[in-house]
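Peer 1: Curious how this folds, go ahead:
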Amino acid sequence: MKRIIVDYKKLTPEVLNLLTEKFPDGYGDDDIITFDNHRNETIEAIEVKTPDAVYLVKVSSKLHYTMTNFDSDNIELNDLGNVVVDNTIEPTIFDDEEE
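Peer 2: Modelled structure (predicted):
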C-alpha cells in the first residue's frame, strides 16, 4: 500500500472529505503521528486510509481551518484539482500562561 504525505496546499476534495468524516469534531493530540522524513525533518501528521493508499496529512493551523470550514457543495479548486485555502489566514497562537 502506498504512503502519501500531503500538506494543506495539495489536499484534494476526496482526502479532505475523508479527513472530515474521520475527524468530525477535529483531531486531537492522540490522533497525530510523528515521524522523520527522508531529509531527517520531523513531521506531524494525521492519517486517513483508502483501499489503495495511506494519506499522512501534515498538521497545521491552515489544515484545521480548512477542515472546520469544509463545505463539499461549495469548494474552490485550483488548476491541479487541489482545494484552495485562503492564504491570508494567520496561525492562531495560544498562550497557556494566565495573565
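
Peer 1: Quickly run through the sheet partners of the strand ranked longest in the chain, with directions.
Peer 2: Assignment by DSSP state E gives strand 42-49 as the longest strand of the chain. If you go by DSSP bridges, strand 42-49 pairs up with strand 33-36 (antiparallel), strand 53-58 (antiparallel).

Peer 1: Would you point to the one among these that's packed deepest?
Peer 2: Most buried of these, by mean neighbour count (mean count of other Cβ atoms under 10 Å): strand 53-58, with a mean of 18. Using the backbone N, CA and C atoms, a C-beta is placed for each residue, glycine as well.

Peer 1: Residues contacting that one, please?
Peer 2: Around strand 53-58, the neighbours that count as contacts under Cβ atoms under 8 Å, 6 or more residues apart in numbering are 1-8, 11, 15, 18-19, 33, 35, 43-49, 63.

Peer 1: So, low pLDDT: which residues of this protein?
Peer 2: The chain contains residues with pLDDT under 70 at 64-66, 69-78, 80-99.

Peer 1: Flag every buried residue along the longest helix belonging to it.
Peer 2: Determined from DSSP state H, the single longest helix within the chain is helix 13-22. Neighbour-count burial for helix 13-22, counted by 16 or more other Cβ atoms under 10 Å, picks out Val15, Leu16, Asn17, Leu18, Leu19, Thr20.

Peer 1: In PDB, list the C-alpha atoms belonging to that helix.
Peer 2: Only the C-alpha atoms of helix 13-22 are listed here, as PDB (Å, rounded to 0.1, in the frame of the first residue of the first chain):
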ATOM      1  CA  PRO A  13     -11.600  17.200  -2.100                       C
ATOM      2  CA  GLU A  14     -11.600  13.400  -1.700                       C
ATOM      3  CA  VAL A  15      -8.800  13.400   1.000                       C
ATOM      4  CA  LEU A  16     -10.400  16.500   2.700                       C
ATOM      5  CA  ASN A  17     -13.700  14.600   2.800                       C
ATOM      6  CA  LEU A  18     -12.100  11.600   4.300                       C
ATOM      7  CA  LEU A  19     -10.500  13.800   7.000                       C
ATOM      8  CA  THR A  20     -13.800  15.500   7.900                       C
ATOM      9  CA  GLU A  21     -15.500  12.100   8.100                       C
ATOM     10  CA  LYS A  22     -12.800  10.600  10.300                       C
END
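
Peer 1: All good on my end, thank you.
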